[in-house]
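# Below is the structure, and that's it, no one-letter string:
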């Protein structure tokens, strides 16, 4: 009986004891662990930022003077390269070298000087140039295989600049395209026609092709017919005299012909014999920049001159005869 009473007293005390909230205990434990993790992460990030800051400060302390010296050397080198490039271009211009070739020479001088100065500036920073040269050699091999078309344009442009089959201001015809040469670059050549349309031709399509170069002029071929009853010699002399008078005025047919253009003279003569007329041909060299305008002026001049001289310009006629069947 005594033992049963003790047991009942113990159970009643256990029932009266406050209940423990297990969920609150579990919830409080992760919160404290999360706080510990966040604080550790912030501490690590602060250490990393501090290390980076220390490294940057040490770098500028150790290499600031080298960087300033490299920048000064690079600035002076660029300035000297520009001055020498302009000087070389001026000397080439005085020697009468073509504008494309002297521009290429000046640009080459500028690039060589800048490359040499860049090597010196890298040396000031303590950077070894040998690994860069090896890397450039390896990249050049891969780039040469990948950019064969582009490099072929540059090679063709270099050939054009050196051999000078044409220069700026010449009139050329290549690959069925004609126009006045506006510029010659390493990658392409630009032409321009009288309408102001700019035509860009990759240089690889020019080198090795047949090029027609008429310098700054283009040949105009004009034909006009006179009656068989007219004196063809007189008509030819009238046309030739009118063209010579036009050339002596403020509208010369040929732009100041040089030694290479001395053979470009206007030609007038009998071209063919038609059904109702003797066809007289006129071959005149006109400036490419105003070719069509000058051709229209020449046509008007020839027609007006022949009419004023009383030369009969026939038109096709057909004579029809009615036969009487009776």
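Received the coordinates, thanks. Bear in mind that the values here come from a model prediction, so they are computed numbers and not experimental data.
# what's in contact with stretch 195-210?
Contacts of stretch 195-210 with the rest of the structure, by CB atoms under 8 Å, 6 or more residues apart in numbering, involve 149, 152-157, 159-160, 174-175, 177, 179, 182, 185-193. Bear in mind the C-beta positions are built from the backbone N, C-alpha and C, glycine included.
# 6 Å - rerun?
Contact with stretch 195-210 is made by 152-153, 156-157, 159-160, 174-175, 177, 179, 188-192, as judged by CB atoms under 6 Å, 6 or more residues apart in numbering.
# Likewise for stretch 55-71?
Against stretch 55-71 from outside (CB under 6 Å, 6+ apart): 121, 124-125.
# that older thread, could you list which of the contacts of stretch 195-210 belong to helices?
Secondary structure assignment by DSSP state H places 152-153, 156-157, 159-160 of those in helices.
# Now, of those, which are buried?
Listed as buried from these are 153, 156-157, 159-160; burial here means 16 or more other CB atoms under 10 Å.
# and these as TSV, adding distance to residue 103 and pLDDT?
TSV is the format used below for those (distance: CB to CB, whole Å; pLDDT from 0 to 100):
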residue	distance to residue 103	pLDDT
153	17	83
156	17	87
157	12	85
159	16	86
160	13	88
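# which one of those is nearest residue 76?
Nearest to residue 76 among these, counting by CB to CB, is residue 157 at 31.5 Å.
# Hmm, the closest one is touching residue 184, no?
No. Between residue 157 and residue 184 there is no contact, the gap being 7.1 Å when judged by CB atoms under 6 Å.
# any idea where the strands of the chain begin and end?
Using DSSP state E, the strands of the chain run over 171-174, 177-184, 188-192, 198-202, 212-213, 217-226, 267-273, 278-287.
# right, so of those strands, which gets closest to residue 82?
Of these, nearest to residue 82 by CB to CB is strand 177-184, at 21.1 Å.
# Need the contact partners of that closest one.
Here strand 177-184 has contacts from 100, 166, 168, 170-171, 190-193, 199, 288, using CB under 6 Å, 6+ apart.
# Pull out the buried residues from it.
Buried residues in strand 177-184 (16+ other CB under 10 Å): 178-181, 184.
# What of stretch 93-113?
Under the neighbour-count criterion of 16+ other CB under 10 Å, stretch 93-113 has 97-98, 100-106, 109-110, 113 buried.
# So which of those sits lowest on pLDDT?
Minimum pLDDT across those is recorded for residue 98, with 71.
# Look up how far residue 162 lies from that one.
As judged by CB to CB, to the nearest Å, residue 98 and residue 162 stand 11 Å apart.
# who touches both of the two?
Counting by CB under 6 Å, 6+ apart, nothing touches both residue 98 and residue 162.
# and the closest residue in space to residue 116 that isn't next to it in sequence, how many residues sit next to it?
Counting by CB to CB, 6 or more residues apart in numbering, residue 77 is the residue found nearest to residue 116 once chain neighbours are left out, at 7.5 Å. Look at residue 77: counted by other CB atoms under 10 Å, it has 18 neighbours.
# Same check on residue 285?
Neighbours of residue 285 (other CB under 10 Å): 25.
# Tell me the bridge partners for it.
residue 219 (DSSP bridges).
# Give me the pLDDT for it.
pLDDT for residue 285: 87.
# Quick check, it in contact with residue 218.
No. With contacts counted by CB under 6 Å, residue 285 stays clear of residue 218, the gap being 7.2 Å.
# still on that earlier bit, out of the contacts of strand 177-184, what pair is the most spread apart?
The most widely separated members of the contacts of strand 177-184 are 100 and 193, with 19.7 Å between them, by CB to CB.
# still on that earlier bit, which one, of the strands of the chain, ends up nearest to residue 86?
The closest of the strands of the chain to residue 86 is strand 177-184. By CB to CB, the value is 19.1 Å.
# now the closest one: mean pLDDT?
For strand 177-184, mean pLDDT is 89.
# ok, residue 172 to residue 154 distance?
Plainly put, residue 172 is 20 Å away from residue 154 if you go by CB to CB.
# For these two, work out which one has more neighbours and name it.
Neighbour count, other CB under 10 Å: between residue 172 and residue 154, residue 172 has more, with 22 against 16.
# can I see the domain layout of this protein?
40-146, 165-213, 217-308 (automatic domain parsing).
# Mind putting those into JSON lines with distance to residue 316?
Formatted as JSON lines, the domains of the chain follow (distance: least, CB to CB, whole Å):
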{"stretch": "domain 40-146", "distance to residue 316": "51"}
{"stretch": "domain 165-213", "distance to residue 316": "32"}
{"stretch": "domain 217-308", "distance to residue 316": "6"}
